[in-house]
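Undergrad: Any chance you could fold what I've pasted below:
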Amino acid sequence: MDLNIKGKTALVTGGDSGLGIETAKFLAREGVNVVLSDKANGKELRDAVKQVEKDAQDGAKVMGIAADISKNQEVLDLAKKIEAEFGGAHIIFHSAGARGAAGDFLELTDDDWMKTIDIDLMGAVRVARAFIPQMQKLKWGRMVLVASENAFQPYEEESPYNACKAGIINLSKCLSRAYSKENLLFNCISPAYIETPMTDAMMETLAKEKDISVEEAVEWFAKNKRPHIAMERRGKPEEVAAVVAFLCSEHASFVNGSNVRIDGGAVESAFG
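TA: As a prediction, this is how the structure comes out:
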């Protein structure tokens, strides 16, 4: 399917792995210029750029720019660099984030909460604030934020993350109401148990705790912690990327303020 976004420019935060890099590849195949951004300008980001370049079609350019979303000035500098290079970003896929502090609610400190909020909620606020003016200037825009199944079906050991992801859904809806008349569309996705570095780290920790292999930990977690996933497996990043790419396309021109669950059925409720 031609997504009719050839020649547009996209920023993908958290772009050196997981959902970010797979979505970047999908967009590059559609002829979209892609800027991959992550916290550090290290080997991972440089390698990600090379991988996405292999998928680029129709003259699409790919570049990497480091930016820490917990630092407002770095986000503003990122926006300036993209505007200077491409005239601005039409598409924003904000996938940067972290699990943050986890554990017993009564043992989590204010600092634990604030560090998680600063990345998972305020990071999205900073990115939206920096790039909405560019989309306004271009008179066309798509922004997709990453929420989570945790927003609907919270897990007790991840209370800061749960709260932040619920906030992401509310933020997306707020932005959609504020700017849709300017041809700017805002949506979010709620993935669950996807093969990403974050869940990889969770499974490695679980494997050590239970003295089992990582593969056994993946199976145990799916059966005991995500029993409603009918496929009994983790989702693949490319399965998420396909949905994100659609939301960034001309074909999604009447999808606005929505949250799309990509969870294999992990959320038990039909109406969450």
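Undergrad: Please count neighbours and contacts with C-alpha atoms only from this point.
TA: Fine.
Undergrad: Do a quick rundown of the helices in the stretch 151-272 of the chain.
TA: 159-179, 197-210, 214-224, 237-247 (DSSP state H, counting those that start in this stretch).
Undergrad: Against which helices or strands is the last one packed?
TA: By that I understand helix 237-247. Helices and strands touching helix 237-247, by 3 or more CA pairs under 8 Å, 6 or more residues apart in numbering; DSSP states H and E, are helix 18-29, strand 141-146, strand 184-191.
Undergrad: Now do residue 134 against residue 185, distance only.
TA: In this view, residue 134 and residue 185 are 13 Å apart by CA to CA, to the nearest Å.
Undergrad: Also residue 138?
TA: Residue 138 sits 13 Å away from residue 185, taking CA to CA as the criterion.
Undergrad: Pick out whichever of these two has more residues nearby.
TA: Neighbours around residue 138 and residue 185, counted as other CA atoms under 10 Å, are more numerous at residue 185. The numbers are 30 against 16.
Undergrad: For the spatially closest residue to the more buried one that is not a sequence neighbour, which residues count as its bridge partners?
TA: Distance criterion CA to CA, 6 or more residues apart in numbering; nearest residue to residue 185, sequence neighbours excluded, is residue 142 at 4.9 Å. Here residue 142 sits in beta bridges with residue 91, residue 185, going by DSSP bridges.
Undergrad: Show the contacting residues for residue 142.
TA: Counting by CA atoms under 8 Å, 6 or more residues apart in numbering, residue 142 touches 90, 91, 92, 184, 185, 186, 247, 248, 249.
Undergrad: my read: the first one touches residue 10, true?
TA: If I follow you right, that is residue 90. Yes: with contact defined as CA atoms under 8 Å, residue 90 reaches residue 10; the gap is 6.0 Å.
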